[in-house]
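1. From the sequence below, what's the structure:
(2 chains)
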Amino acid sequence: MTLGLPFARRRRRERELDAEIEGHLAAAIADRVARGQSPAEAAAEARREFGNEGLVKEAARSQWGFASLERFSQDVRYGLRLLRRSPGFAAVAILTLALGIGANTAILSVVNAILLKPLDYTDPDRLVVLLHKGRNPVAPGNYLDWKARVRSLSSLGAAESWSANLTSGDVPEKLSAMRMTADILPMLGVRPRLGRAFLPADDDAGRDHVVLLSDGLWRRRFAADPDVIGKAVTLNGEPYTVLGVLPAGFQFAPFWHTDAELWAPLDLRPRASSRESSSLRVFGRLKDGVSLETARHEVAAVTAALEREFPGTNRDVRVEGLRDKVVGDVRPALLVLLGAVGLVLLIACANVANMLLARASARRREIALRAAIGASRGRTVRQLLTESLVLAAAGGAAGVALGAWILRALLAFAPQSLPRLAEVRLDPRILLATFLVSLATGIGFGLAPALQASTARLQDALKDGGGSGGAREGGRLRRIFVAAEFAIALVLLVGAGLMARSFIALERIDPGFDPRGVVTLEVSVAGTRQAQPGRRQILYRQILERFAAIPGVKSAGAINHVPIAGDIWGFPYRIEGRPKPAPGQSPVAAYRAVLPGYFATMRLPILRGRDVAATDVAGAPGVVLVNEYLARRIWPGEDAIGKRISVDGPDDAPVWLTVIGVVKTAVQNDWSAPPDDEIYLSFLQRPGLTDSPHPQEAYATFVARTDGDPAALVPALRAAVWQIDRTLPISAVQAMPDVVAHANARPRFQMLLLAAFAAAAALLAAVGIYGVMSYVVSRRAREIGVRIALGARPRDVVRLVVGQGMAMALAGSGAGLLAAFLAARLMSRILYGIRPSDPPTYAGVAALLLAIGLAASYLPARRAARLDPMAALRAD
Amino acid sequence: MVDREPYKDPIELLQGTLDLLVLQTLTWGPQHGYGITQAIRASSGEALRVDTGSLYPALHRLERDGSVGSEWKTSENNQRVKVYRLTAAGRRRLTQERSRWNRLLEAMSGVLDASRAPA
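-> Have a look, this model is predicted:
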């Protein structure tokens, strides 16, 4: 049945019904005339006897079956017409709902993808990670012990970061890569889309030069060649054979080294007894029927036993669910955001409810009139409900559009370090859920006034000029709603204020160096002819000379790992003249190795002493610079210059390095971490860095400073390197200001989001108080008119109205302060340098919100003060 | 001018009995709406006044379930009127309704008489 047909049929029946009633009346009149009445008298009496024609028709129509559909569309049309007639109301209500629904959908979609959706492995919730303190890598000897002893895990595998210079092909490229034991892929339940996975036999020397490619690398560098299996590639100067291609979207490990594109087998046998050098991330799968708790207990027992066997090892090994490890860092922030959007949705619903309540009481007269001309109660309720639904549906539709837009904006601004960002989609289930919430708001708050209005006594409603009596209860409810909105807005504003102050504190951290104008790039020599011993000292000096010759470059230097952007190595060190610490008890310092010019280029001040020199080479006396933090900690009140420390050599014959300088304490890799020990060695004195062919050591990070835009320097820097050797892979090209901005991207993102939500909440609360006060003013126009007529000055009227508005704002803000105090404690994990109970934030926010409330109630108050008393008294 | 009470819930109030009355009235021949009200009124000795707000929904309902049929005719004073007549289904329905009504009557009087006895 098409939609048109019932309407055509319906029109015909409507005409027939008219004719039938006309026939009825004609027959009744004829009857009365025949009994001797005058035609006029007969007509009047017949009509009276017939009763309410509209109601009769309505009752008859109700038997037609398709009437409900027809009535619904009629109500919808009427609802739309009403909305068109009051575009202000419609726009505010729809936007309010759209904001609530849109923001919720977007944030929930993000939270769902990151926190709730399972990882893309088989049975991912059984996967666990084993790390020292939950974050530090594990030594091979310890891993192999666990593998031999732990029974509650059905498999245990390890992975290690690796980097591979791909020199076969057009452009030399340094690839982010990983070595992993053959257990890992079967443990994850992942199979290559082409070729095969590693077998334990692939670890064997001579057979371990095989690699698996990511889908992306296979497309980018191998043109998605289906015959790539078995092809040879040159990695770090050695031939490797392509074994397989992993499925698109495969990512491992999901919390560390997430950009790996290439995987090779990990043979731990040469290092099987090493318990010092820790580089492994260990993964396991819980045996069927074993709980995480059980596994934790067993691992604790095993590691405790191992610690007794090998003192200083196996400390504080934590077993964590893989997913918890992946999302652990962002969970508190996301939950705070989730709470924030929930509150915004709550305010939005309260506002819409308020508007519907206000409108319903404004329409009491219309509703009474409808009843008078024959609308049944059910009919009236249904109509009011339909109107609310029209509103909710329009708000929902706008919310969907807004949600999609907000999500795009979120993804554009989101820090790339957020885990699983690529999986974020606008989730249709979430859209549906938030849409239903808006519909429920429409129904809930459309229904209450509809029932209230439809039971109102007609005469009362018609008499009292729109009604103030019956609206009292609705009025109280509205004021409570507005107060609640203020409370919620205050909570959000406090949250945003704390985030903003925390962010300012983060921005004010002095990194120790001046990142402006600095660009960094990494040159890797692994697998090129520059990897031969003796070549690097010359190459690095050449590169620095060429860099210095580029117009615009003020100075250049090099280091193994730049702070924030690069890797970080921790080295245990010994202090001359102090007792040798127990195993595992040595202090650990961040280990940097620099070429001359690094400190000047970074503008990282040398507080005392001197920079490393070109003469601080292998064979010359060992030198080291320490940061001020270490100098003060180890040699308080003494001059550190001339003291000696050691980072290598056997226990009984350490190789001593003389402190030649003290450097200002700089941030290491974590922007907001407290200061820690840091040592700077002479790059040219580290044979590993200058002579080892191992890709973990055969590279240097160059820094160059310019007065202009550091990014503009990059082409010239690349060209300078490639003029010396076209086969050198260049990677990690970064402008230092971007690196710093990136380090704070997450807190900035959180702050901006919370600020946006808080602004939306404050706006909605302002709309709420404005709406209620406007309504109150229009309701009480007559009373205000009387006051003015009796001599009240405009100021008195303003005070009256503003006073009422501020009563709501004050009550709400007071409750909000308390709620914010409780809620802010949940934020302590994402705050830096500020306590969640920071009084200035609370005071400032409360003042701001009260000012907003004042402004929003002043506008209707001014309107009230300008009322023409005569017009107000005459109205109705 | 508006009488609030009768419109409270008119259909439910009279449903079963009104259908019975209408069907019974139509056994005497096809009739239009006004005619039916007059016939019920006359045959009940003016005791039953059928409200139009109940009559027309009842007629349309009976028409929909096939108990009555309808046709348009021109009355003697040249007015088009819709005339209802009883169908075969309507006759069966009337029989059922009558027996149900009788059972109800018996049951009611049984209860009413019994309740008087112990008092």
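
2. Is B:Asn77 in a helix, a strand, or coil?
-> The three-state label given to B:Asn77 by DSSP: H, G, I helix; E, B strand; the rest coil is coil.

3. isn't A:Ala487 right next to A:Ala809, touching?
-> No. Taking contacts as C-beta atoms under 8 Å, A:Ala487 lies outside contact range of A:Ala809: 10.0 Å. C-beta coordinates here come from the backbone N, C-alpha and C atoms, glycine included.

4. Give me the more crowded residue out of those two.
-> A:Ala809 (30 against 23; other C-beta atoms under 10 Å in any protein chain shown).

5. quick one: that one and A:Ala484 touch, right?
-> No. Using C-beta under 8 Å, A:Ala809 makes no contact with A:Ala484, being 11.6 Å away.

6. ok, then the element right after the lowest-mean-pLDDT helix or strand in chain B?
-> Between all helices and strands in chain B, the lowest mean by mean pLDDT, DSSP states H and E belongs to helix B:10-26, at a mean of 70. Per DSSP states H and E, the first helix or strand lying C-terminal to helix B:10-26 is strand B:31-32.

7. Other residues contacting the helix or strand following that next one?
-> Scanning forward in sequence from strand B:31-32 by DSSP H and E, the next helix or strand is helix B:33-43. Applying C-beta atoms under 8 Å, 6 or more residues apart in numbering or on different chains, the contact partners of helix B:33-43 are A:20, A:23-25, A:27-28, A:31, B:21-22, B:25-26, B:28, B:31, B:48-50, B:52, B:55-56, B:59, B:82, B:84.

8. go again using 6 Å as the cut-off
-> A:24, A:27-28, B:21, B:25, B:48, B:50 (C-beta atoms under 6 Å, 6 or more residues apart in numbering or on different chains).

9. angle of the next helix or strand after that helix against helix B:33-43?
-> Next helix or strand after helix B:33-43 toward the C-terminus (DSSP H and E): helix B:52-64. If you take axes from the mean of the first three to the mean of the last three C-alpha atoms, to 10 degrees, helix B:52-64 sits at 110 degrees to helix B:33-43.

10. What is helix B:52-64 packed up against?
-> Counting contacts by 3 or more C-beta pairs under 6 Å, 6 or more residues apart in numbering or on different chains; DSSP states H and E, helix B:52-64 packs against helix A:53-61, helix B:10-26.

11. Could you dump those helices into TSV with distance to A:Leu439 added?
-> Below are the helices and strands packed on helix B:52-64 laid out as TSV (distance: least, C-beta to C-beta, whole Å):
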stretch	distance to A:Leu439
helix A:53-61	27
helix B:10-26	30
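
12. So which of these is the most surrounded?
-> Highest mean neighbour count among the helices and strands packed on helix B:52-64 (mean count of other C-beta atoms under 10 Å in any protein chain shown): helix A:53-61, with a mean of 20.

13. Figure out how far it is from the centre of its chain.
-> 57 Å (C-alpha atoms, centre = their mean, to the nearest Å).

14. And chain B, is that helix touching that?
-> Yes. Judged by C-beta under 6 Å from any C-beta of the partner chain, helix A:53-61 comes into contact with chain B through A:55-56, A:59-60.

15. Pipe those residues into JSON lines and attach pLDDT per row.
-> Formatted as JSON lines, those follow (pLDDT from 0 to 100):
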{"residue": "A:Leu55", "pLDDT": "81"}
{"residue": "A:Val56", "pLDDT": "83"}
{"residue": "A:Ala59", "pLDDT": "79"}
{"residue": "A:Ala60", "pLDDT": "80"}
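
16. what does chain B put close to chain A?
-> Residues of chain B lying near chain A (C-beta under 6 Å from any C-beta): B:2, B:33-34, B:52-53, B:56-57, B:60-61, B:77, B:79-82.

17. biggest strand in chain A by residues?
-> strand A:153-166 (DSSP state E).

18. Where does the prediction get shaky in chain B?
-> Along chain B, the model assigns pLDDT under 70 to residues B:1-16, B:115-119.

19. do that again at 80, thanks
-> B:1-16, B:44-49, B:75-78, B:113-119 (pLDDT under 80).

20. Those residues of the stretch 301-450 of chain A touching chain B, which are they?
-> The interface of the stretch 301-450 of chain A toward chain B, taken as C-beta under 6 Å from any C-beta, is made up of A:Ala372.

21. For the stretch 301-450 of chain A, which segments count as helices?
-> A:322-327, A:331-362, A:364-372, A:377-413, A:428-455 (DSSP state H, counting those that start in this stretch).

22. helices or strands up against the third one?
-> It refers to helix A:364-372. When contacts are defined as 3+ C-beta pairs under 6 Å, 6+ apart, helix A:364-372 packs onto helix A:458-463.

23. Check which element follows the helix it packs on along the chain.
-> Counting by DSSP H and E, what follows helix A:458-463 is helix A:471-507.

24. what comes up buried for that next one?
-> By neighbour count on 16 or more other C-beta atoms under 10 Å in any protein chain shown, the buried set for helix A:471-507 is A:471, A:474-475, A:477-479, A:481-503, A:506.

25. before we move on, what about stretch A:823-834?
-> So, applying 16+ other C-beta under 10 Å, buried residues of stretch A:823-834: A:823-824, A:827, A:830-832, A:834.

26. residue contacts, A:Ala159?
-> A:Ala159 neighbours (C-beta under 6 Å, 6+ apart): A:178, A:180, A:281.

27. Skipping adjacent residues, who's closest to it in space?
-> A:Met180 (4.0 Å; C-beta to C-beta, 6 or more residues apart in numbering or on different chains).

28. Distance of the residue nearest to A:Thr122 when sequence neighbours are not counted relative to A:Gly708?
-> Excluding the flanking residues, the one nearest A:Thr122 by C-beta to C-beta, 6+ apart is A:Gly189, at 2.5 Å. Applying C-beta to C-beta, to the nearest Å, the value for A:Gly189 to A:Gly708 is 52 Å.

29. Could you check the helix or strand that contains A:Ala44 against chain B for contacts?
-> In this structure, A:Ala44 is located in helix A:39-50 according to DSSP H and E. Yes. Under the criterion of C-beta under 6 Å from any C-beta, chain B is reached by helix A:39-50 at A:Phe50.

30. Are any of the residues of chain B next to chain A buried, and if so which?
-> Buried among the residues of chain B next to chain A (16+ other C-beta under 10 Å): B:33-34, B:52-53, B:56-57, B:60-61, B:79, B:81-82.

31. What is the most widely separated pair among these?
-> Spanning the widest gap among these are B:Arg61 and B:Gln79, at 24.5 Å by C-beta to C-beta.
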